[in-house]
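**Student:** I would like the atomic coordinates for the input below:
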Amino acid sequence: MGHLDHAAFGWLTPVLSYAMACIGAALGLRCTVRALEATGRSRRNWLITAASAIGTGIWTMHFVAMLGFAVTGTDIRYDVPMTILSLLVAMLVVGGGVFAVGYGRDRARALLLGGLTTGLGVASMHYLGMTALRLHGTVHYDPLLVALSVAIAVVAATAALWAALNIKSPVAVAVASLVMGAAVSSMHYTGMLAVSVRVAPSGGGLPGATAMQFIFPLAVGLGSYLFLTSAFVALSPTAGERAAYASAERTAGPEPAGLPH
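**Tutor:** Below is the predicted model:
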C-alpha cells in the first residue's frame with residue numbers, strides 16, 4: 001500500500017482550498033438571496049450565477065486541495081476531459097438544486113429537494129474528480145467513509161440553501177458561508193480518508209497532465225472568476241435599494257422651472 005500524503009505543502013493547500021470553498025459559498029448564497037428578491041429573467045440570471053459560483057467554488061476547493069495530494073512510489077496525473085466534466089457536472093447538478101429552491105412554491109419540499117440535489121452534485125464532483133486520477137496502481141475506497149462524505153455534502157447543501165431562504169443580512173450570510181466552507185472541506189477530506197492506494201511500480205509513463213500543468217492554471221482562472229464576480233455582486237444594488245432609489249426619485253419630483261426673464 002502506498003503512503004498517502006494529503007498536505008504535501010503543509011497547511012497551504014488546506015487553508016487555500018477552504019478559502020475557495022467559502023468564497024464560492026458566500027457568492028452563491030448572495031446570488032440566491034438576490035434571485036429570491038427578483039422576478040422573471042433577472043431571477044433566472046441570478047440563479048445561474050449562484051449555481052456557477054457554488055459549483056466553481058466546490059471544484060476549485062477540491063483541486064486546490066488535490067495539489068497537496070501525493071502517493072509514495074508513484075507519480076500522479078489527471079485526465080483532462082474527466083476533470084473538465086467534473087466541473088460541468090458540479091455546475092449543472094448544483095444548478096438543479098438552486099433552481100428548485102428559486103422556483104419551488106412549497107419551500108419545505110423545495111429545500112429538501114434542492115439540498116439533496118445540490119449535495120449529490122457536490123459528491124458527484126468529488127468522485128468524478130477522483131476518477132480523473134492517474135497513477136501506477138489501483139485506488140480503493142472505504143464504503144462507510146464514502147457514504148459519510150455524501151451525507152455531509154447533503155446536510156451542508158441543505159443548510160446552505162436554508163440560509164439562503166431565511167438569512168438576509170450580509171453578516172449572517174458571511175457566517176453561513178464559513179460554515180458551508182467548513183462542511184465542504186470536511187466532505188472532501190472525509191472522502192480522501194476513504195481512499196487507499198495499492199501501488200504497482202512501473203517505469204512506464206502516465207497519461208494525462210500534472211497538477212501544475214493543468215489543475216493549477218485552471219484553479220487560478222476560476223479563483224479569479226470568483227473574486228471578480230464577488231466584486232460585481234457586492235457593487236450591484238439590491239432590489240430593495242433600487243426600489244428605495246426609485247421611490248426617492250418619485251418623491252423628489254421634477255425640478256422647478258427657472259424664473260422667466
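**Student:** Now do the SS call for V197.
**Tutor:** State at V197, reduced to three classes by DSSP: H, G, I helix; E, B strand; the rest coil: strand.
**Student:** Show me what it is bridged to.
**Tutor:** As for beta bridges, V197 partners with V139 under DSSP bridges.
**Student:** is it true that it touches V71?
**Tutor:** Yes: A contact is recorded between V197 and V71 when judged using CB atoms under 8 Å, the distance being 5.1 Å. (Glycine included, C-beta is placed from N, CA and C.)
**Student:** how many other residues sit next to W11?
**Tutor:** Neighbour count for W11, taken as other CB atoms under 10 Å: 9.
**Student:** Now do A239, the pLDDT please.
**Tutor:** If you check A239, the pLDDT there is 58.
**Student:** Quick check on T39: phi, psi?
**Tutor:** Note on T39: its backbone torsions stand at phi -140, psi 170 [degrees, to the nearest 10].
**Student:** okay, now it: neighbour count?
**Tutor:** The burial count assigned to T39 is 10, neighbours taken as other CB under 10 Å.
**Student:** show me the contacts for it.
**Tutor:** Not one residue lies near T39 by CB atoms under 8 Å, 6 or more residues apart in numbering.
**Student:** Same question for L193.
**Tutor:** In this structure, L193 makes contact with 142, 145, judged by CB under 8 Å, 6+ apart.
**Student:** Would you agree R30 is in contact with F232?
**Tutor:** No: here R30 does not reach F232: they are 10.7 Å apart, not a contact under CB under 8 Å.
**Student:** Looking only at neighbour counts, state which of the two leads.
**Tutor:** Between R30 and F232, counting by other CB under 10 Å, R30 is the more crowded of the two (25 against 11).
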